[in-house]
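Engineer: Have a look; sequence and predicted model below, questions after that.
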Amino acid sequence: MSAAQPVLPGVTAPAYDVSTPLDLDYVGAFAHATPAERAHQLAARAFVQDEVLGVIDGHWERAEVPFGLVKGLAERDLLRDGVDVPGRATVSALAAGLAAMELSRGDGSVATICGVQGGLALRSIAMLGSDEQIARYAEPLARGEILAAFALTEPTHGSDSVSLETTARRVTRDGVEGYVIDGEKRWIGLGSCGDLAVVWARLVGEGGDGQVHAFLVPQDAAGYRATTIEGKVALRAITQAHIVLDSVFVPLDAALPGATSFRAASRVLFATRLGVAWAAVGHAIACYEAALAYAGQRVQFGRPLAASQLVQERLARMLAIVTQSQVLVAQVTRLAESDALTGPQASLAKMTCTRGAREVAAIARDLLGGNGILLANRVARHFADIEALHTYEGTESVNALIIGRDVTGYSAFA
């Protein structure tokens, strides 16, 4: 698939092919991948090349969700983001990371759809749900028959989500026992265009323990009102919602039995933080690929940009950042597979890789000059999307404080 744009008659502006995958792994960081893990990675890459790159610029520019791609993600078993689903083959942490890297190389919104659907919503049910809940929802979520959201963040509680104010009360309504949920959520991916939401709320009132619990809430439930947040300059091809929960009633079996404190939410987020690091690597690779291809095709002063010392230095710097990030996620993923990964280590990977991706994108944008702001040349879209990636799953500041607490023994959280 080529991203080169057709040149109109009478127009002399050249077109550039900046979409060819390089299979970038300069020092063999992923050389230990098994054939099955490599096949999973290549399935994600083929999906990007064959289905994503040709349409995503339009979806991104129009701020519309590419629902048509969800089926393709499910068919390639990419929508569950590596989460175990009964009856399906196990996907290793490395395979899931490589797939996340490839999907993000294609588009951040598409990768985030998988991260929300599989990494957050499906993972919550798989880790914390009852056998009945898993049997009811896991396979439909993996097939994309149900789209789900993960509703934790609130308008006034982002980094300090442990202080969330949404409440759930045990009640009996029309003879049915259940819970009434009240509160607001914000920045909830797929929260205004899906079918189900995993809503985190503090159990209060008679019989309440004051702890954070999770509930499965249909998005068409009475009192569930979701508004799509508009005006975003990043991740434009996935919706984030502001949700108002006004006396939303759910039955007793809507509660996830394993989610009885904020520690449960932290377990889910811990598992996804490494995935964000992998995604950052994918964005960085996309920007490097585009910059290298462009430098070889763009002619200035009678020679390709790639023949310039300054350009070669920039390309070498970009490659160094990408390679360092690849080595880091490969090693941290090994720790995860042996259950030895700590929270601070995951935070280090997330902070380092997103920071590195920002730098690579900035260099690529500069190297492409004016052409760097065109969606057709890939870099501008990734440059914008990395800004969202840099913030969610823990801002750089929060991750730095997690690491700082670990290395000093002092908590500096306000």
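Structural biologist: Ah, there it is. Because the structure is predicted, anything quoted here is derived from the model rather than measured.

Engineer: any idea how far Arg76 is from Leu103?
Structural biologist: 10 Å (Cβ to Cβ, to the nearest Å). Every residue, glycine included, has its C-beta placed from N, CA and C.

Engineer: Ala93 now?
Structural biologist: Taken as Cβ to Cβ, the span from Ala93 to Leu103 is 16 Å.

Engineer: More neighbours: which of the two?
Structural biologist: Leu103 (28 against 21; other Cβ atoms under 10 Å).

Engineer: which helices and strands does the longest helix belonging to the chain pack with?
Structural biologist: If you go by DSSP state H, the chain has its longest helix at helix 262-297. Under the contact criterion of 3 or more Cβ pairs under 8 Å, 6 or more residues apart in numbering; DSSP states H and E, helix 262-297 touches helix 93-106, helix 108-114, helix 123-128, strand 212-218, strand 303-304, helix 309-337, helix 343-367, helix 379-391.

Engineer: switch the cut-off to 6 Å
Structural biologist: Counting contacts by 3 or more Cβ pairs under 6 Å, 6 or more residues apart in numbering; DSSP states H and E, helix 262-297 packs against helix 93-106, helix 123-128, helix 309-337, helix 343-367, helix 379-391.

Engineer: Check which residues of it are buried.
Structural biologist: 262, 264-265, 268-297 (16 or more other Cβ atoms under 10 Å).

Engineer: quick one: the helices in the stretch 51-200 of the chain?
Structural biologist: Secondary structure of the stretch 51-200 of the chain, counting by DSSP state H, counting those that start in this stretch: helices at 56-62, 67-75, 93-106, 108-114, 123-128, 131-142.

Engineer: a markdown table for these, including distance to Arg303 and mean pLDDT?
Structural biologist: A markdown table is the format used below for the helices of the stretch 51-200 of the chain (distance: least, Cβ to Cβ, whole Å; pLDDT from 0 to 100):
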| stretch | distance to Arg303 | mean pLDDT |
| --- | --- | --- |
| helix 56-62 | 30 | 96 |
| helix 67-75 | 40 | 96 |
| helix 93-106 | 29 | 98 |
| helix 108-114 | 34 | 97 |
| helix 123-128 | 51 | 98 |
| helix 131-142 | 51 | 98 |
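
Engineer: Could you work out which of those reaches nearest to Val322?
Structural biologist: Val322 lies closest to helix 93-106 among those, at 10.6 Å (Cβ to Cβ).

Engineer: Distance from stretch 250-269 to the middle of the chain?
Structural biologist: 21 Å (Cα atoms, centre = their mean, to the nearest Å).

Engineer: from memory Arg169 sits against Glu206, does it?
Structural biologist: No. Counting by Cβ atoms under 6 Å, Arg169 stays clear of Glu206, with 7.8 Å between them.

Engineer: Looking at the two, which is more packed in?
Structural biologist: Neighbours of Arg169 and Glu206, each counted by other Cβ under 10 Å, are more numerous for Arg169; the result is 18 against 7.

Engineer: Run through who's touching stretch 281-293.
Structural biologist: Identification of contacts with stretch 281-293 by Cβ atoms under 6 Å, 6 or more residues apart in numbering yields 18, 22, 24, 101, 104-105, 315, 318, 322, 325-326, 329, 353, 357, 360-361, 364, 367, 378-379, 382, 386.

Engineer: Check the secondary structure at Phe30 for me.
Structural biologist: coil (DSSP: H, G, I helix; E, B strand; the rest coil).

Engineer: got the contact list for the residue most central in space within the chain?
Structural biologist: In the chain, the centroid-proximal residue (Cα atoms, centre = their mean) is Thr112; its distance is 3.5 Å. Applying Cβ under 6 Å, 6+ apart, we find Thr112 in contact with Leu235, Ile238.

Engineer: The helices of the stretch 51-200 of the chain into CSV, with extra columns for distance to His32?
Structural biologist: Shown next, in CSV, are these (distance: least, Cβ to Cβ, whole Å):
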stretch, distance to His32
helix 56-62, 31
helix 67-75, 26
helix 93-106, 8
helix 108-114, 23
helix 123-128, 25
helix 131-142, 27
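
Engineer: out of these, nearest to Ala346?
Structural biologist: With Cβ to Cβ as the criterion, Ala346 lies closest to helix 93-106 of those, at 11.7 Å.

Engineer: what comes into contact with the closest one?
Structural biologist: 37, 40-41, 44-45, 48, 52, 78, 82, 110-111, 275, 278-279, 281-283, 285-286, 333, 336-337.

Engineer: just stretch 189-201 next, same as before
Structural biologist: 116, 121, 124, 146-152, 166-168, 181, 212, 214-215, 217, 219, 226, 228, 238-241, 243, 265.
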